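Trainee: need a structure here:
(2 chains)
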Amino acid sequence: MSLLVAEDIHGGYGGVDILNSANLRVDADEIVVIIGPNGAGKSTLIKAVFGLVPIRRGTVTFDGNAITNQRPDVLVARGMSYVPQERNVFPTLSVTENLEMGAYTRTDDYSADMAAIFDIFPVLAERRRQPAGQLSGGQRQMVAIGRALMVKPRLLLLDEPTAGLSPKFVDEILERITAINQLGVAVLMVEQNARRALELAHRGYVLVMGACRIEDTGANLLANREVGEAFLGGRAAND
Amino acid sequence: MIDILQLLIFGIVLGGIIALGAVGVSLLFGILRFAHFAHGDMMTLGAYLAFAFVAGLGWPLLAAFPLAVLLTVGVAVLIDQVLYRRLRRKAPVILLFSSFGVALMLRAIIELVWGPDTVVYDSAIQLPWRIAGLRIKPDHVTIVIGAIVLVTALHLFLQRTRTGKAMRAMADEPDLAQVTGINTERVVIWTWIIGSALAAAAGIFLALDTRLVPLLGWNLLLPVFAAAILGGIGRPYGAIFGGLVIGISTEMSTLAIAPVYKPAVAFTIILIMLIWRPTGLLRGR
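Mentor: Residues are numbered from 1 along each chain as shown, chains lettered A, B, ... in the order given. Next up is the predicted model:
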């Protein structure tokens, strides 16, 4: 059984539906990437799953339970966490405090999990006392992902984790996402570095006009001519 | 030189009082995104509740203080749950105007209960200590020590406790606080508890330094807002710094201008800040 199933999702902000019958699923231990043209509703789909955009029609189930339109704090308690694209750290709080806030819903001892996050992102351990707002863009992204991992989620939702990062950090963040996945966390992410993301994804969806047009393995999507021409923007533009 | 030192002492006393009020205004703005206009009247309420125990029951002020603070906190949380909670999803300007209404109601109730006349905690004349040519009133020492204790307690709360850190997190990024799973309603209630407790303390200290009138806190609202803006709205540490700057510069201004113009100092500082650096000296919102 899939960990996350979204079926026939319609919804959007205000009265306008951005999503028009979007379907997707994420199995436990999978990395799934959503790609597609600008304005297709990629980020909206992730937000709808996480209860940040109202779903007008359709159902979302997580681990077999219906979670359609559930509030984010309820979903966090159920083992799902989300990293927004922007403004995803608390800038005046130190790195350690950002991670502590990630564990806000936990009442047990989380020091081992914090140590594990410092193992994944060693640079954060060096800067643990520094306010997150003073870090570089790539390091802030690490804090944001680390914060989301503090609840020991079974599913991590990432909205364009490499947006605006230098190439060096793009590689590092994507590499770390694979490492996190190997620890047993399923990942659903929207990524504008489509080619790079599909290389590490188990499966991918191409979202067009609010619906999932193509679903396939990452490797097959990379090899697919139609996808390559229409959504990976040709070799020159991406490489 | 003695004059300047003497004014500095007065400025620190006034600044401490303003700082206690400004911290609450700043925290409330950071968390709830509206300027709490009833903050001055919260101060007045705290001061009069303490007066009720001192004058009515003959308690020493030290015993009346915690109970008055506690009751003010109760009133603030009650007003939040009955009124502001229903307006949280509305535009901030609606919250601002309803707090203006709360300010008028609180003041009317205070006048109804205690009357419009001036009263004092203790009518005995306090002789100041004379130290190296300076006159220091025992009450001023009480106020400064009280302010230091409260600010230290606030600092420990914000830095060491889970709720205090969540409060800073929510002031930083409210949307992120929500997706992180922070119980934002709980943080809001704690913000009222801290803000109104410090306001009540400020009101009692101000009444101790001057006299009790129903306009006690309302008259201090402008300097309190000036301090919050100066420190960067939403930044509690900035508000403490802003309070001291406003207090000291208000008292020092009497070296150059007539004392009746003292209230203009805070107003001038607000104007200069809003034109020159609207995010505050410590970069708030």
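
Trainee: just give the nearest non-adjacent residue to A:Gln192, would you?
Mentor: With sequence-adjacent residues excluded and distances taken as CB to CB, 6 or more residues apart in numbering or on different chains, A:Gln192 is closest to A:Glu160, at 5.7 Å. Just so you know, the C-beta spots here come from the backbone N, C-alpha and C atoms, and that holds for glycine as well.

Trainee: can you check A:Gly218 too?
Mentor: Of all residues not flanking A:Gly218 in the chain, A:Ala201 sits nearest, at 3.7 Å (CB to CB, 6+ apart).

Trainee: how about the contacts made by the residue of the stretch 151-285 of chain B found nearest chain A?
Mentor: Distances between the stretch 151-285 of chain B and chain A by CB to the nearest CB are smallest at B:Gly181, namely 3.5 Å. Shown in contact with B:Gly181 (CB atoms under 8 Å, 6 or more residues apart in numbering or on different chains): A:72-73, A:76-77, A:104-105, A:151.

Trainee: what sits closest to it if chain neighbours are left out?
Mentor: A:Val76 (3.5 Å).

Trainee: in the one helix or strand that neighbour maps to, what's buried?
Mentor: Assigned by DSSP states H and E, A:Val76 falls within helix A:72-78. The neighbour-count criterion (16 or more other CB atoms under 10 Å in any protein chain shown) identifies A:72-73, A:75-76, A:78 as the buried residues of helix A:72-78.

Trainee: neighbouring contacts of it?
Mentor: By CB under 8 Å, 6+ apart, helix A:72-78 touches A:50-52, A:62-63, A:65, A:67, A:82, A:105, A:151, A:153, B:178-183.

Trainee: off-centre distance for it?
Mentor: 15 Å (CA atoms, centre = their mean, to the nearest Å).

Trainee: now that helix: mean pLDDT?
Mentor: The average of the pLDDT scores along helix A:72-78 is 91.

Trainee: Provide the strand pairings for the helix or strand hosting A:Glu7, with the direction of each partner.
Mentor: According to DSSP H and E, A:Glu7 maps onto strand A:4-11. With DSSP bridges as the test, strand A:4-11 is paired with strand A:19-26 (antiparallel), strand A:55-62 (antiparallel).

Trainee: quick one, which of these is nearest to B:Asp41?
Mentor: strand A:55-62 (44.4 Å; CB to CB).

Trainee: what lies in contact with that closest one?
Mentor: Against strand A:55-62 from outside (CB under 8 Å, 6+ apart): A:3-12, A:17, A:19, A:21-22, A:48-49, A:66-69, A:75, A:78-80, A:155.

Trainee: which parts of the stretch 51-200 of chain B sit against chain A?
Mentor: Residues of the stretch 51-200 of chain B lying close to chain A by CB under 8 Å from any CB of the partner chain are B:162, B:165-166, B:168-169, B:172-173, B:175-183.

Trainee: show me those residues that map onto helices.
Mentor: Mapping these onto helices (DSSP state H) picks out B:162, B:165-166, B:168-169, B:172, B:175-180.

Trainee: which residues in the chain form strands?
Mentor: Defaulting to chain A. All strands of chain A, identified by DSSP state E, fall at A:4-11, A:19-26, A:31-35, A:55-62, A:65-66, A:80-83, A:155-159, A:186-190, A:203-208, A:211-217.

Trainee: correction: the question concerned chain B.
Mentor: Assigned by DSSP E, chain B shows strands spanning B:129-131, B:134-136.

Trainee: give the pairing partners of the last one; include direction for each.
Mentor: In other words, strand B:134-136. Strand B:134-136 has its sheet partners listed here by DSSP bridges as strand B:129-131 (antiparallel).

Trainee: which strand residues bridge the residue nearest the centre of chain A?
Mentor: Nearest residue to the geometric centre of chain A (CA atoms, centre = their mean): A:Leu158, 1.5 Å. In this structure, A:Leu158 bridges to A:Val83, A:Met189 when assessed by DSSP bridges.

Trainee: show me the contacts for it.
Mentor: Counting by CB under 8 Å, 6+ apart, A:Leu158 touches A:82-83, A:145, A:177, A:187-191.

Trainee: separate out the buried members of these.
Mentor: A:82-83, A:145, A:177, A:187-191.

Trainee: could those residues go into a markdown table alongside distance to B:Arg277?
Mentor: Converted to a markdown table, the buried ones among the contacts of A:Leu158 look like this (distance: CB to CB, whole Å):
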| residue | distance to B:Arg277 |
| --- | --- |
| A:Tyr82 | 35 |
| A:Val83 | 33 |
| A:Ile145 | 35 |
| A:Ile177 | 41 |
| A:Val187 | 43 |
| A:Leu188 | 43 |
| A:Met189 | 40 |
| A:Val190 | 38 |
| A:Glu191 | 39 |
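
Trainee: closest to B:Glu251 out of those?
Mentor: A:Val83 (49.8 Å).

Trainee: those helices in the stretch 151-285 of chain B, which residues are they?
Mentor: In the stretch 151-285 of chain B, the helices defined using DSSP state H, counting those that start in this stretch lie at B:162-172, B:174-180, B:184-209, B:216-230, B:236-252, B:262-276.

Trainee: what's the average pLDDT for the second one?
Mentor: Okay, so that is helix B:174-180. What helix B:174-180 shows for mean pLDDT is 93.
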